[in-house]
Structures are given as structure tokens and as C-alpha cells.
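Participant: coordinates only, sequence not included:
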């Protein structure tokens, strides 16, 4: 009879984990401005989060870098559309982690 509460607790924990992951996916879509500038499928959003160990900031940085890939268009007629690369890179910069760590003062 004790097995039921444990299974229920495990099921509740799994349900909470799935809810948290769905919420993170929705937050990532908002950060990446997917409503106005759709680029990623739902599967790609989840994949980016998985690759980033469910860290939204890491996933956002990776997503902005992907959006920053050269998207300019050049038609045979000579018409062209400008790239949004600088825009996406500027947004990526907001989510880039400091890789240098702490800056230490010289020997005194």
C-alpha cells in the first residue's frame, strides 16, 4: 500500500518538472521575440534549452546567435534587403556570460 503515495509523489514531481520546462520554453520564445520574428520550431526551442541544460540565458544567447546568421537577401535584379545581424548580435550580448571571470589586481 505504500507504493501508491510514492508513485503519486513521483508522478507529481514529473508533472511539475514538465510544467517548468514548458514555462521555460515559453519564456525563451518571448526573449527571442518569436511572436514578431518567428524563426524556430517548438522542437528547436526545446532542443536549445536541453543543450543549455535548461538555462534560459544560455539558450537565449545561442538562439540570438543563430538568428544573427547572415539573413540578407540579394535578388538577381539587384534589389537587396538589409541583414538584421547587428540587431540580433546586440540582443545576444545581453545574455552572454562573462567568460573572463574575476579580474584580479596586480601584485602589491
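Facilitator: That came through, no problem. Remember, it's a predicted structure, so these values are computed and weren't measured experimentally.

Participant: may I have the phi/psi pair for residue 55?
Facilitator: Residue 55 adopts backbone torsions of phi -90, psi 110, taken as degrees, to the nearest 10.

Participant: thought residue 27 was touching residue 45, still the case?
Facilitator: No - with contact defined as Cβ atoms under 8 Å, residue 45 does not count as touching residue 27 (10.1 Å). Using the backbone N, CA and C atoms, a C-beta is placed for each residue, glycine as well.

Participant: among those two, which residue is more densely surrounded?
Facilitator: residue 45 (20 against 14; other Cβ atoms under 10 Å).

Participant: and the more buried one, what does it touch?
Facilitator: Residue 45 is in contact with 25, 28, 29, 32, 34, 63, counting by Cβ atoms under 8 Å, 6 or more residues apart in numbering.

Participant: where along this structure do the strands fall?
Facilitator: Along the chain, the stretches classed as strands by DSSP state E are 73-74, 80-81.

Participant: could you report the distance from residue 29 to residue 9?
Facilitator: 31 Å (Cβ to Cβ, to the nearest Å).

Participant: who's more crowded, those two?
Facilitator: The residue with more neighbours, out of residue 29 and residue 9, is residue 29; 16 against 10, by other Cβ under 10 Å.

Participant: so what's that one closest to, chain neighbours aside?
Facilitator: residue 45 (6.0 Å; Cβ to Cβ, 6 or more residues apart in numbering).

Participant: residue 37 is in contact with residue 67, isn't it?
Facilitator: Yes - shown here, residue 37 and residue 67 form a contact pair, counting by Cβ under 8 Å, at 7.3 Å.

Participant: mind listing the shared neighbours of the two?
Facilitator: residue 84.

Participant: for the two, indicate the residue with more neighbours.
Facilitator: residue 67 (21 against 11).

Participant: which parts of the chain are helices?
Facilitator: 3-31, 42-51, 56-67, 85-95 (DSSP state H).

Participant: of all those helices, which lies closest to residue 77?
Facilitator: Closest approach to residue 77 among the helices of the chain is made by helix 85-95 (22.7 Å; Cβ to Cβ).
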